[in-house]
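*Asks:* pasting a predicted model and its sequence here:
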2 protein chains.
Amino acid sequence: MNELLSPAAPEVDARGAAGVLPELPGRLTDPLRHELIAFRRDLHMHPELGNQEFRTTTAIKTRLERAGLRPRVLAMGTGLICDIHPEPGPGADQQAVDQQAAGKSAAVPQAAGPAHAAPPMLALRADIDALPIPDTKEVPYRSTVPGRAHACGHDVHTTVVLGTGLVLAELAKAGALPRPVRLLFQPAEEVLPGGAADAVDCGVLDGVGSILAVHCDPRVDAGRIGLRAGPITSACDRLEVVLSGAGGHTARPHLTTDLVTAAAKLATEVPALLARRADARSGLSLTWGRIESGHAPNVIPQRAELSGTLRCLNLPTWREAPDLVHEAVDEVATLHRAKCELTYVRGVPPVVNEPSATALLREAMAARSGAASVETTEQSLGGEDFSWYLEHVPGAMARLGVRPVGDRRSRDLHQGDFDADESAITTGVELFTAAALLHRS
Amino acid sequence: MNELLSPAAPEVDARGAAGVLPELPGRLTDPLRHELIAFRRDLHMHPELGNQEFRTTTAIKTRLERAGLRPRVLAMGTGLICDIHPEPGPGADQQAVDQQAAGKSAAVPQAAGPAHAAPPMLALRADIDALPIPDTKEVPYRSTVPGRAHACGHDVHTTVVLGTGLVLAELAKAGALPRPVRLLFQPAEEVLPGGAADAVDCGVLDGVGSILAVHCDPRVDAGRIGLRAGPITSACDRLEVVLSGAGGHTARPHLTTDLVTAAAKLATEVPALLARRADARSGLSLTWGRIESGHAPNVIPQRAELSGTLRCLNLPTWREAPDLVHEAVDEVATLHRAKCELTYVRGVPPVVNEPSATALLREAMAARSGAASVETTEQSLGGEDFSWYLEHVPGAMARLGVRPVGDRRSRDLHQGDFDADESAITTGVELFTAAALLHRS
């Protein structure tokens, strides 16, 4: 423990619940903090898109193995899991060691599959993929890959779970980890319906009793988290529309289908129609991320493509959405005499934070930084494939503050200049470490 | 002449003016017809964009040199001119030969520059570039270059002028060419403001007294031409709009600029505003050929681009157009909170057919195929950089029928499946040959 953790922190906020909880290990040491920041910056400089995170997977695997752990790459080729089991510790007697061994709670990872003999694991989930947008920041650790950026903070999430793993491995060796923990590094969160569903198919939840995650939030100060029991994100689907027409000469749109106009009308009219046809309380929002048609200023193109996301707060409207969209897209395309093909990809339901998992995060954060460091957050229209795990096991996601204290710029996730206050890595590691130690079931 | 031309045609339409004109040479021989079709198909299979027509230039040059002519590549690197001068013919006496030589009207091309001693040349102009669109036809001579097609018939125009050159060279050797002719193969007609302006700067009009051209018209039957004195095409400018915003997450358009929506609104609203702000009689028409923004369905992009053409029938509105467009683009971009940069490229004024050059084309066509083969055409909203030549010398452009007789499909220029009835090549060569022989000044 000397390597990674400093002595127990005397500065734990008196308003926190620390007094009534088992003693928590201290703050991260400076060397570990610096190593984690360097690790995050390395990922940041080498962003990889969903299902292509080979370098990222290798980097995580190598570091975990160096800590004596045995990570396993998922069958899908990227992403990995790594189990950390309680150990008797250097002072335990031989009987305790034998008992642990009989319960298979050894440092050697178990094979995936239901582990009836062992207590259920607490999974700590990170997503590891980046976005297909250019990094527009001017920092030394700016993306080195054109058109690719970690603009959604997955590099931070990954580093938080990695750092937690390193700390928990030390705690386990010292006999201070009460229950088993699974680190879960999931690929392709940005690709709807999301890598989580594939990861579940790979068996990542086998033996897991509950699951936690954090997501960077640039509207919460570093050192704090946002939390909410119940729905915290929204349903999110993906749309791809292809329009086609005969093409022609821009001198004579009347002889063909004016396809750029048709695509533009579709981009503006379909959201307008949905706003009248869906219950406004659902917050249904269709927003386009891509429109593309044509190659020359004087040629009416034959093909146009649009991509976007449809989001809503509640399940009834989510169920209704595909029909509403199909109808509106067909109507607008027909009006503009374009042939139309709509691919409606069901994405993710809302992430609904389970009360006791939410309470665990709240308790852990309060123990580390005081109850005042937890703020109540709103349900966002963001989609998160973390919801697929919650279809199988209870869990909760916290919003990890990454806004530098005092910074009032409104810089959003998915913006090319998104960045995180790196002190959030320490906050995240300490939060997850405390949660692993406080976790009871 | 035996190689390229068959004996004088007895079938010249009696309604034509043939009876009162100098005897015209006969129809093209089958071997020449087949060679020209093969030449056109070779160009069709190897389309090249404006100012990149190196292979095309070489193909034309090689064939003209094989006919004993001396083509000269333009200083801009692609495109060429080739002068054909009257010769005394095999039966002329030595004195006539000496006179011709003194007048520099020899088969050896003159250096570019004013040729005060020689009669002014009749220029026959072809454009040689292709379009950046895919060829969607299923024919053996389909484009072999992905995303490139001769969808505007420039391969036909080029072959017509080449074929005319071959015939006129034979006629000159036989002493049957009365006045000098310049073949002009111009690059980059599709690139506004067009290669014609550059070609003029290269001196292609030096020594030229008048100029003729044909343009394929899929709404005129093969074997016929469309003609009109006065304006036959329209003014055409090019627009490039770049919109920018902060980008962001498609869950939160309210925190940024919803750039796809802004671009789509600009695409639909600017033409709508122009339709109210410009005199409707001007036929002002802004049509977009390209819209492009974003790379991912769930990321609001930071940049959007639109390209299009603005066309109008008359000069007063053309003069007004840049201000109208700037104003409307700024207003719509501002409304949608997007930053905006408009590049307005002045293109071409209308092609205004000069009466006597128009009469020459009419007379030539009537002599070859009868007066009924000439139909009156309308002013189109197409733009043609042929207009730049007409700023310097009088001239006229005919619409060359390329619709297979009996075909009622409405297939337009700039459509990916555009094709021409190849008998139009013969019609064009015979038209230009007759015009060169009938040309008087």
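*Replies:* Arrived safely. Numbers count the residues shown, from 1 in each chain, chains lettered A, B, ... in the order given.

*Asks:* give me the pLDDT for residue A:416.
*Replies:* Here, the pLDDT recorded for residue A:416 equals 88.

*Asks:* I figured it hits residue A:132, correct?
*Replies:* No. No contact is recorded between residue A:416 and residue A:132 when judged using C-beta atoms under 8 Å, the distance being 11.2 Å. Where you see a C-beta, it was placed from the backbone N, CA and C, and this is true even at glycine.

*Asks:* what about the strands in the stretch 301-441 of chain A?
*Replies:* If you assign secondary structure with DSSP state E, counting those that start in this stretch, the strands in the stretch 301-441 of chain A sit at A:303-312, A:339-348, A:352-353, A:374-376, A:395-403.

*Asks:* the fourth one: how far from the chain's middle?
*Replies:* With C-alpha atoms, centre = their mean, to the nearest Å as the basis, the distance from the averaged C-alpha position of strand A:374-376 to the chain average is 19 Å.

*Asks:* helices or strands next to it in the packing?
*Replies:* For strand A:374-376, the contact count by 3 or more C-beta pairs under 8 Å, 6 or more residues apart in numbering or on different chains; DSSP states H and E identifies strand A:225-227, helix A:355-369 as packing neighbours.

*Asks:* so which of the ones you listed gets nearest chain B?
*Replies:* Nearest to chain B among the helices and strands packed on strand A:374-376 is strand A:225-227 (15.0 Å), distances taken as C-beta to the nearest C-beta.

*Asks:* so after that closest one, what's the next helix or strand?
*Replies:* Toward the C-terminus, strand A:225-227 is succeeded by strand A:230-231 as the next helix or strand (DSSP states H and E).

*Asks:* and that following strand, anywhere near chain B?
*Replies:* No. Judged by C-beta under 8 Å from any C-beta of the partner chain, strand A:230-231 makes no contact with chain B; its nearest approach is 13.6 Å.

*Asks:* that strand packs against which elements?
*Replies:* Strand A:230-231 sits against strand A:352-353, with contacts defined as 3+ C-beta pairs under 8 Å, 6+ apart.

*Asks:* the strand it packs on pairs with which strands, parallel or anti?
*Replies:* Here the strand partners of strand A:352-353, with direction, are listed using DSSP bridges: strand A:230-231 (antiparallel).

*Asks:* closest to residue B:308 out of the helices and strands packed on strand A:374-376?
*Replies:* When the helices and strands packed on strand A:374-376 are ranked by proximity to residue B:308, the top entry is strand A:225-227, at 45.3 Å, counting by C-beta to C-beta.

*Asks:* now for that closest one, which elements pack on it?
*Replies:* Taking 3+ C-beta pairs under 8 Å, 6+ apart as the contact cut, strand A:225-227 packs with strand A:208-221, helix A:355-369, strand A:374-376, strand A:395-403.

*Asks:* that one pairs with which strands, parallel or anti?
*Replies:* Based on DSSP bridges, the pairing partners of strand A:225-227 within the sheet are strand A:374-376 (parallel), strand A:395-403 (antiparallel).

*Asks:* and residue A:435, how far is that from residue B:133?
*Replies:* With distances taken as C-beta to C-beta, to the nearest Å, residue A:435 is found 58 Å from residue B:133.

*Asks:* circling back to that earlier point, got the strands paired with strand A:225-227 as a markdown table, with mean neighbour count and mean pLDDT columns?
*Replies:* Output for those, formatted as a markdown table (neighbours: other C-beta atoms under 10 Å in any protein chain shown; pLDDT from 0 to 100):
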| stretch | mean neighbour count | mean pLDDT |
| --- | --- | --- |
| strand A:374-376 | 15 | 97 |
| strand A:395-403 | 27 | 97 |
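
*Asks:* would you turn those strands into CSV with distance to residue B:280?
*Replies:* Listed next are the strands paired with strand A:225-227 as CSV, based on distance: least, C-beta to C-beta, whole Å:
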stretch, distance to residue B:280
strand A:374-376, 59
strand A:395-403, 54
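
*Asks:* hang on, the earlier thing: distance to residue B:84, mean neighbour count and mean pLDDT added to the helices and strands packed on strand A:374-376, as CSV?
*Replies:* As requested, those are arranged in CSV below (distance: least, C-beta to C-beta, whole Å; neighbours: other C-beta atoms under 10 Å in any protein chain shown; pLDDT from 0 to 100):
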stretch, distance to residue B:84, mean neighbour count, mean pLDDT
strand A:225-227, 82, 22, 98
helix A:355-369, 88, 21, 96
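
*Asks:* enumerate every residue touching residue A:169.
*Replies:* With contacts taken as C-beta atoms under 8 Å, 6 or more residues apart in numbering or on different chains, residue A:169 has the following neighbours: A:67, A:68, A:69, A:84.

*Asks:* closest one to residue A:139 among the strands paired with strand A:225-227?
*Replies:* For the strands paired with strand A:225-227, distance to residue A:139 was read as C-beta to C-beta. The smallest value, 14.4 Å, belongs to strand A:395-403.

*Asks:* also compute the angle for the closest one relative to strand A:208-221, please.
*Replies:* Put simply, strand A:395-403 runs at 20 degrees to strand A:208-221, going by axes from the mean of the first three to the mean of the last three C-alpha atoms, to 10 degrees.

*Asks:* could you check how far strand A:395-403 is from the centre of its chain?
*Replies:* Between the mean C-alpha point of strand A:395-403 and the mean C-alpha point of its chain there is a distance of 10 Å (C-alpha atoms, centre = their mean).
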